[in-house]
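Asker: give me the fold of what follows.
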Amino acid sequence: MIQEYQNLSRLQMEQVDKEKTLVVVPLGALEQHGNQAPLGTDTIIADEMKKRIMGKLSLDKSDEVLSGSVLFFPTIPVGYSVEHLSFCGSISFKPQTYYSVLYDIAECLTRHGFKHIALLICHGGNRATAEIVSRQIRRDLGIYVYLISSGSFSDPEVKKTITPGNEADFHGGEMETAMVMARDESLVDLTTSSTGHYSISGKGAKLAFFGSTSLPWMGEDFITDEGKPIGIGGDPSGATAQKGEIILEVSARDAANGIKEIMKFMVTC
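Answerer: Below you'll find the predicted structure:
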């Protein structure tokens, strides 16, 4: 059974075999993605990923899928996005608020008998909180909380979609913009796009925003050619719906395979 959580009635939910069911909770965000892409980019992508993953799992007739059920929870449309609050429209939970939201959802699911929850991370800024709360939930409530990344941005097939010379593609750049365009091109206006450069790298120190020695980034660290904060990395102007289709399909395939691995493990619990 591959279904959406909110579509079941109370009676139907009572009949679900909770110990053999994985509840997938997509984690979106509401934050700026440059001039060209909507504030809800991550949530739009999360909803599209959910639909595509459900389709791939429904077509799969392998034993690990048939032996259990997957319920897809409604996408949580706000996350931890403090790095974007200097830009108009961005909304963020505080870390403790977001932690409590995820914990409370898991606690309610546990109360109803569910033993397995997967957090589908569709905004990178949500991962740190998701990792912390997943361990605490497992310790406190005795259930399993898995983490699944929704974007296969390092996949060779996905990397081929990036316009040559646009190696700095990052938040709000070509790939994310393309993914939204694959869902609904009318939500993107490439005529307003600007290229974002990481300003810290030009200040002499060899500090990156990831790695063994890093400075956690804020949106205003990314600037245009004119030095204006733009909050995105790379040049989104090369985005197309066709590129977005490739990225979404590869990402959904990998996420679906991840869910199947989780379900194999569930059989052993």
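Asker: elements contacting the helix or strand hosting K264?
Answerer: Secondary structure assignment for K264, by DSSP states H and E: helix 241-268. On a contact count with 3 or more CB pairs under 8 Å, 6 or more residues apart in numbering; DSSP states H and E, helix 241-268 meets strand 21-27, helix 41-59, helix 63-66, strand 116-121, strand 144-149, helix 156-159, helix 174-183. In short, each C-beta sits where N, CA and C put it, glycine included.
Asker: ranking these by mean pLDDT, which is last?
Answerer: Lowest mean pLDDT within those: helix 63-66, a mean of 63.
Asker: after that one comes which helix or strand?
Answerer: strand 69-72.
Asker: angle of the helix or strand just after that following strand against strand 21-27?
Answerer: Per DSSP H and E, the first helix or strand lying C-terminal to strand 69-72 is helix 95-111. Interaxial angle, helix 95-111 versus strand 21-27 (axes from the mean of the first three to the mean of the last three CA atoms, to 10 degrees): 160 degrees.
Asker: could you pull out the buried residues of helix 95-111?
Answerer: Buried residues in helix 95-111, defined by neighbour count with 16 or more other CB atoms under 10 Å: 98-99, 101-103, 105-106, 109-110.
Asker: same question, stretch 13-28
Answerer: Residues of stretch 13-28 classed as buried by neighbour count (16+ other CB under 10 Å): 16, 18, 20-28.
Asker: how about stretch 150-170?
Answerer: Using 16+ other CB under 10 Å as the test for burial, stretch 150-170 gives 150-153, 155, 158, 161-163, 166, 168-170.
Asker: who touches it?
Answerer: Counting contacts by CB atoms under 8 Å, 6 or more residues apart in numbering, the residues outside stretch 150-170 that touch it are 26, 45-46, 49, 120-122, 173-175, 178, 196-198, 222, 232-235, 238, 243, 246-247, 250-251, 253-255.
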